[in-house]
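J.: Okay, here's the prediction I keep looking at, along with the sequence it came from:
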Amino acid sequence: MIKANNPDLKSWIEVDKNSDFPIQNLPFGIFVREGKLPRACVAIGDCVVDLAEFALAGYLRDLNVNLQIFENSFLNPVIGMGKEKCRLLRQLVSDILHAENPELRDRQDMRKKIIHKMSDVKMLIPVRIGDYTDFYSSIDHATNVGKMFRDPANALLPNWKHLPVAYHGRSSSICVSGHSFHRPKGQTKPADADLPIFGPCKLLDFELEMAFIIGKQTQLGESVSTAVADDYIFGLTLFNDWSARDIQTWEYVPLGPFLAKNFASTISPWIVTLDALEPFRTAGYTQEPKVLPYLEYKGEKNIDIHLEVSIQPEKSEENIVSKSNYKFMYWTMEQQLAHHTSNGCNINIGDLMASGTISGPTPGSFGSMLELSWKGTKPIQLKDGTDRKFINDNDTVIMRGYCEKEGVRIGFGEASGKVLPAL
Ligand code: CA
């Protein structure tokens, strides 16, 4: 077992039992305080630990790295230390925060410099994302979409069970939780019209996804096997791949999504390391037909992550509209990465690879409004008396996720984004 994952560990920093961030998590992020420069941090309870100050105090001596990597706007140089050093970093932080370790616990002066309330800091986008790829790996989602738009009897296209389908997305419009964006405008073709029109999207949707962040680069021409794929994955984050369904329907043939997807995506500010998620691994789907040898894998590679989506209208409370789970993925991260690099395509530290909409087998577990409202035919009632087929102006969509086992809850925080009226 990874030492920092021990369920018996307790910290001298108080952590609520419902917190996403016990000492067993220690996810990484980038924060900024008024008048200061951005810095790397880890989360514990409702606090952040400033890793630059933590390093200055001498607690990271054993890492033997240039401490400037923690005074940075992005986690890329920290991730770039490599898996072994990142594991040691998480271990060193865990040791210092341990309930029985007095080194920092009993130093009020140091604590003031190193530990801040989350409510006193602003979280920034954690990673400089180079390339962004979006997969399409939930069998229930792909089946639902196939049933709605194509042939219910042959919902999955012939390639779907043979390779993890994906497209290249756009990273410039990925925003950190807490942002807002204007409803996209675009070209659509109403069903009863002969010609397309241009205007605000009418069918704005969310897509409940997780994304993994690349932690090790490859050279052009190199492929990563499923057996070593985990060495190339730093950690996971929540991801909302906002989608304009009406724009998508008209534009996507024959090359796939373009302006229907690249106007905004939301990620959570915390990257939970693959190490912290190790105890929550679970068996994947039995893949039939058998996959090609380069996509075969051994062991339990899915992860049991409870996921939920809320819609919060402007002047009303939150409404949970979906409860899903990352374990419903048909294709695992390891298979996605093996496939992505199978042609020699190179990957870089900070690349983001999203899962695709994660739908479960039951209607309450669908990961998009398209499926939840079944193409707008079954509106969802909200507590304020209104209903939703898709997302309205001034609605905020909030995604959350956590793993739980043996009294330890490893959470991801929130990925929240607000839709403003079209400009
Ligand atoms: Ca997607």
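T.: Happy to help now that I have it.

J.: The ion versus the closest residue to Leu104 other than its chain neighbours, what's the distance?
T.: For Leu104, ignoring the flanking residues on the chain, the nearest one in space by Cβ to Cβ, 6 or more residues apart in numbering is Ile96 at 5.1 Å. Heads up, the C-betas are built off the backbone N, CA and C, glycines and all. Going from Ile96 to the ion by Cβ to the ion, to the nearest Å gives 39 Å.

J.: For the residue in the chain that the ion sits nearest to, list the residues it contacts.
T.: Distance from the ion to each residue of the chain (Cβ to the ion) is smallest for Asp241, at 3.6 Å. Asp241 is in contact with Asp134, Gly169, Phe206, Glu207, Glu209, Lys261, Ser265, Ala354, Thr357, counting by Cβ atoms under 8 Å, 6 or more residues apart in numbering.

J.: count of residues packed around Glu317?
T.: 10 (other Cβ atoms under 10 Å).

J.: try Lys323
T.: By other Cβ under 10 Å, the residues close to Lys323 number 15.

J.: Which pLDDT does the model give it?
T.: Lys323 is assigned 98 on the pLDDT scale.

J.: is it true that it touches Gly364?
T.: Yes - between Lys323 and Gly364 there is a contact under Cβ atoms under 8 Å: 6.1 Å.

J.: Give me the buried positions along the lengthiest helix in the chain.
T.: Ranked by residue count under DSSP state H, the longest helix found in the chain is helix 83-97. Residues of helix 83-97 classed as buried under the neighbour-count rule (16 or more other Cβ atoms under 10 Å) are 83, 85-94, 96-97.

J.: Now do the domain split for this structure, please.
T.: Annotated domains of the chain cover 3-124, 132-420 [automatic domain parsing].

J.: Write out the residues of the stretch 151-300 of the chain neighbouring the ion.
T.: Glu207, Asp241 (Cβ under 5 Å from the ion).

J.: one more time with 6 Å
T.: Residues of the stretch 151-300 of the chain lying near the ion by Cβ under 6 Å from the ion: Glu207, Glu209, Asp241.

J.: Would you double-check that Leu26 falls in a strand?
T.: No - counting by DSSP: H, G, I helix; E, B strand; the rest coil, one finds Leu26 to be coil, located in no strand.

J.: So it is in contact with Leu92, correct?
T.: No - Leu26 is not in contact with Leu92 according to Cβ under 8 Å; the separation is 10.3 Å.

J.: Please look at Leu259 and Ala244 and confirm they touch.
T.: Yes - counting by Cβ under 8 Å, Leu259 does reach Ala244; the two are 7.5 Å apart.

J.: more neighbours, those two?
T.: The neighbour comparison of Leu259 against Ala244 (other Cβ under 10 Å) goes to Ala244, with 28 against 17.

J.: The more buried one and Asp16, how far apart?
T.: Per Cβ to Cβ, to the nearest Å, Ala244 is found 38 Å from Asp16.

J.: Also Gln335?
T.: Distance, Gln335 to Asp16, by Cβ to Cβ: 37 Å.

J.: Ala4 too?
T.: 20 Å.

J.: How about Phe390?
T.: In terms of Cβ to Cβ, Phe390 sits 35 Å off from Asp16.

J.: Check Pro27 too.
T.: Going from Pro27 to Asp16 by Cβ to Cβ gives 16 Å.

J.: Strand partners (parallel or antiparallel) of the longest strand seen in the chain?
T.: Longest strand of the chain, by residue count under DSSP state E: strand 408-420. Strand pairing for strand 408-420, using DSSP bridges, gives strand 179-182 (parallel), strand 396-405 (antiparallel).

J.: For the longest one, give the mean pLDDT please.
T.: The predicted model assigns strand 396-405 a mean pLDDT of 98.

J.: What residues sit buried inside it?
T.: Thr396, Val397, Ile398, Met399, Arg400, Gly401, Tyr402, Cys403.

J.: Asp275: neighbouring residues, count only.
T.: 19.

J.: so it sits right up against Lys3, yeah?
T.: No - counting by Cβ under 8 Å, Asp275 stays clear of Lys3, with 10.0 Å between them.

J.: Contacts made by stretch 195-206 with the rest, please.
T.: For stretch 195-206, using Cβ under 8 Å, 6+ apart, the contacting residues are 183-190, 240-247, 250, 309, 368-370, 376, 389-391, 397, 399, 419, 421-422.

J.: Among the residues you listed, which are located in helices?
T.: Applying DSSP H to the contacts of stretch 195-206, the entries found in helices are Arg245, Asp246, Ile247, Trp250, Met369, Leu370.

J.: For the third one, list the residues it contacts.
T.: For Ile247, the contacting residues are Pro184, Gly186, Gln187, Thr188, Cys201, Leu259, Ala260, by Cβ under 8 Å, 6+ apart.
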